[in-house]
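In: This is a predicted model, with the sequence first.
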Amino acid sequence: MSDILDLGVKDIRDGVAKGDFTAREVADAFNTAVAAASELNAFIVTTPDHATAAADAVDARREKGEDLGKMGGVPIGMKDLFATKGVQTTAASHILEGFTPQYESTVSQNLWDAGAGMLGKLNLDQFAMGSSNETSYFGNVSSPWKKDGTNAAMSPGGSSGGSSSAVSARIAPAATGTDTGGSIRQPAAFTGICGIKPTYGRCSRWGVVAFASSLDQAGPMARSVEDCAIMLEAMAGFDPKDSTSLEMDVPAWESGLDANLKGKKIGIPREYRMDGTDEEILKSWEQGKEWLRDAGAEIVDISLPHTKYALPAYYIVAPAEASSNLARYDGVRYGLRDLPDGAGLQDMYAATRAAGFGDEVKRRILIGTYVLSAGFYDAYYTQAQKIRTLISKDFSAAFGECDAILAPTTPTASFPLGENQDDPLAMYLNDVFAVPASLAGLPAMSVPAMLNADGLPLGLQIVGKPFDEQGVLNAGLAIQQRAGFEAKPEKWW
Ligand code: GLN
């Protein structure tokens, strides 16, 4: 049965529907693989019973000749940022340890309604703050990939590092991710898988632990563009419980897939040629242009003049919103409570927050509180909001000249765990190509392109017009077909 582990979403769903194997056989195979992969530390908790119960329900529906759903029989990993009823939900923070929600997030419920089951809750950077999965209270996540000739544990990217590690290690066919400033795309690029962040508002934020509410978006991480299309269709949809949810029908992205890009223009932003970008990344970008040209697209130069201000603006807006969102963790309502002897209410708040939040989370709260404080609000927060508007306008102008944009996903390949840890600025640079699309709320995807000279995956990013996930997926498919990325990490775990 071990080859079941190589199957993706589409193959599993179609195989179960045809009767090639049962959903239960699939769930059993993945549950076993998850249990044997604890060295990756991809999961915070495993939920084999959830996966088998969902599988049994799908098998029973098949017996009765009923519809099996868009994700019928597919067991997935759930980033531990989504509230799951009766299953501990921590955002990888000590402050939420032991918190068991009474309700299910809309996105996870949509997936269960579509016939998926849950293998477990995936590790992540604490409150989704990080780019390497080293800020989790529950320990670092290792990538299944190693740099050729070395044995150092490599970063799976972040914040959706449990998701990227599990999917690339083939212990889950797919996983949910969330992306505030790159957290789906950067880990996908680091581990040789696909991930798409849809247009802001496509996937409900209800029941997703909030980081920066004006940026947070959920999306799928899987090993093919087709699998991402299928899973995104299951996850997305209008939700009256999220006031920023898009009141739009979910397009049939899977059946709309078409890798013929004749008549399409793909823009190459000249400002993305930045110092510090790896030579091999630039080469993969050139190769990406060739692939898209081969698929029929015309390649045009475009300008996104405010690109260099995107990262500084993000590191004001995101911490500002985080400092407000994280005010609710006070020791009263959720998880951890630290009540020193004889202490009053204020002492309890302070002790709980001091003990419960990790260093990176504290850093963001401090930055956020500072940029929102009376004397500095205009100098930082208002300024950053203005830059955000200019960045959105850059994209609107560029989309007058092209249908989608091609760029690298990251400036470098994955790095060893520990390497960037004492330099937050170096860490923040990981997201330099990812953050602009987040600030503008645009759909954006990373697709694996090739391995670098060290045997590590590199990803290419496609950014689309608002609501044009189909255009993004189609360009991604054109790249996938030409890249023929079949590389698999060698099993060591
Ligand atoms: N790495 C970025 C940060 O640390 C983005 C995180 C994310 O998208 N959740 O904020």
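Out: Yep, it's here.
In: Which parts of the chain are strands?
Out: Counting by DSSP state E, the chain has these strands, from start to end: 43-46, 75-79, 117-122, 174-179, 194-197, 217-222, 265-269, 298-302, 404-408, 444-451, 457-464.
In: Residue of the stretch 301-450 of the chain closest to the ligand, please.
Out: The ligand sits closest to Asp431 of the stretch 301-450 of the chain, with a gap of 4.8 Å, by Cβ to the nearest ligand atom. Quick note: C-beta positions are derived from backbone N, CA and C, even for glycine.
In: That residue and Gly181 touch, don't they?
Out: Yes. Asp431 is in contact with Gly181 according to Cβ atoms under 8 Å; the separation is 5.1 Å.
In: For the ligand, what's its nearest residue on the stretch 101-250 of the chain.
Out: For the stretch 101-250 of the chain, Cβ to the nearest ligand atom, closest residue to the ligand: Ser183, 3.0 Å.
In: and this structure, which of its residues are near the ligand?
Out: For the chain, the residues in contact with the ligand (Cβ under 6 Å from any ligand atom) are 128-131, 159, 179-183, 211, 318, 431.
In: give me that answer again for 8 Å
Out: For the chain, the contact set with the ligand under Cβ under 8 Å from any ligand atom comprises 125, 128-131, 158-160, 178-184, 186, 211-212, 215-216, 314-315, 318, 360, 364, 427-428, 430-431, 434-435, 438.
In: Now Ala218. Nearest residue, chain neighbours left out?
Out: Cys203 (4.1 Å; Cβ to Cβ, 6 or more residues apart in numbering).
In: Okay, the one residue sitting closest to the centre of the chain and Asp278: tell me how far apart.
Out: Computing the C-alpha centroid of the chain and ranking residues by Cα atoms, centre = their mean puts Ile184 first, at 2.2 Å. Computed as Cβ to Cβ, to the nearest Å, the Ile184 to Asp278 distance reads 21 Å.
In: all helices of the stretch 301-450 of the chain, in order?
Out: Ranges of helices in the stretch 301-450 of the chain, per DSSP state H, counting those that start in this stretch, are 310-325, 345-356, 359-372, 377, 383-398, 424-428, 435-439.
In: got the buried residues for the fifth one?
Out: For helix 383-398, burial by neighbour count (16 or more other Cβ atoms under 10 Å) applies to Gln383, Ala384, Ile387, Arg388, Ile391, Ser392, Asp394, Phe395, Ala398.
In: List the residues that contact Val34.
Out: Val34 sits next to Phe43, Thr46, Pro48, Leu119, Gly120, Ala166, Ile171, Ala172 when contact means Cβ atoms under 8 Å, 6 or more residues apart in numbering.
In: any idea how far it is from Gly120?
Out: 6 Å.
In: any shared contact partners between these two?
Out: Phe43, Thr46, Pro48.
In: Of those residues - the most surrounded one?
Out: The most neighbours of any of the shared contacts of Val34 and Gly120, using other Cβ atoms under 10 Å, belong to Phe43, which has 26 neighbours.
In: ok, now which ones touch Ala407?
Out: So Ala407 contacts Ile268, Pro269, Tyr272, Trp285, Phe433, Leu460, Gln461, Val463 (Cβ under 8 Å, 6+ apart).
In: Got the confidence number for it?
Out: In the prediction, the pLDDT value recorded for Ala407 is 98.
In: Repeat that for Asn430.
Out: Looking at Asn430, its pLDDT is 88.
In: which non-adjacent residue is nearest it?
Out: Nearest to Asn430 is Ser131, by Cβ to Cβ, 6+ apart, at 4.0 Å.
In: got it, and Gly19?
Out: Arg62 (7.4 Å).
In: picking that back up, from what I can see the residue nearest to the centre of the chain touches Asp216, true?
Out: No. Counting by Cβ under 8 Å, Ile184 stays clear of Asp216, with 11.1 Å between them.
In: Quick check: neighbours shared by the two?
Out: Thr178.
In: wait, what's in contact with the residue nearest to Gly418 when sequence neighbours are not counted?
Out: Closest residue to Gly418 apart from its sequence neighbours, by Cβ to Cβ, 6+ apart: Glu134 at 7.5 Å. By Cβ under 8 Å, 6+ apart, Glu134 lies in contact with Asp125, Asn140, Ser155, Gly158, Leu417, Gly418, Gln421.
In: Could I get the residues you listed in CSV, plus columns for neighbour count?
Out: Output for the contacts of Glu134, formatted as CSV (neighbours: other Cβ atoms under 10 Å):
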residue, neighbour count
Asp125, 31
Asn140, 21
Ser155, 33
Gly158, 33
Leu417, 19
Gly418, 13
Gln421, 16
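In: Find the pair from those residues with maximum spatial separation.
Out: Pairwise distances across the contacts of Glu134 peak at 14.6 Å for Asp125 and Gly418 (criterion: Cβ to Cβ).
In: and the gap between Lys146 and Thr106?
Out: Distance from Lys146 to Thr106, by Cβ to Cβ: 38 Å.
In: Compare these two (neighbour count), which wins?
Out: Between Lys146 and Thr106, counted using other Cβ under 10 Å, the more crowded position is Thr106 (25 against 20).
In: Report how many residues lie close to the closest residue to that one other than its chain neighbours.
Out: Leaving out its chain neighbours, the residue that sits closest to Thr106 by Cβ to Cβ, 6+ apart is Ser204, at 3.7 Å. Using other Cβ under 10 Å, Ser204 has 24 other residues around it.
In: Can you check the pLDDT for Ser204?
Out: Predicted confidence (pLDDT) for Ser204: 98.
In: check contacts around it.
Out: Ser105, Thr106, Val107, Asn110, Ala218, Gly237, Asp239, Lys241, Asp242, Ser245.
In: Can you tell me how far it is from Glu134?
Out: Distance from Ser204 to Glu134, by Cβ to Cβ: 29 Å.
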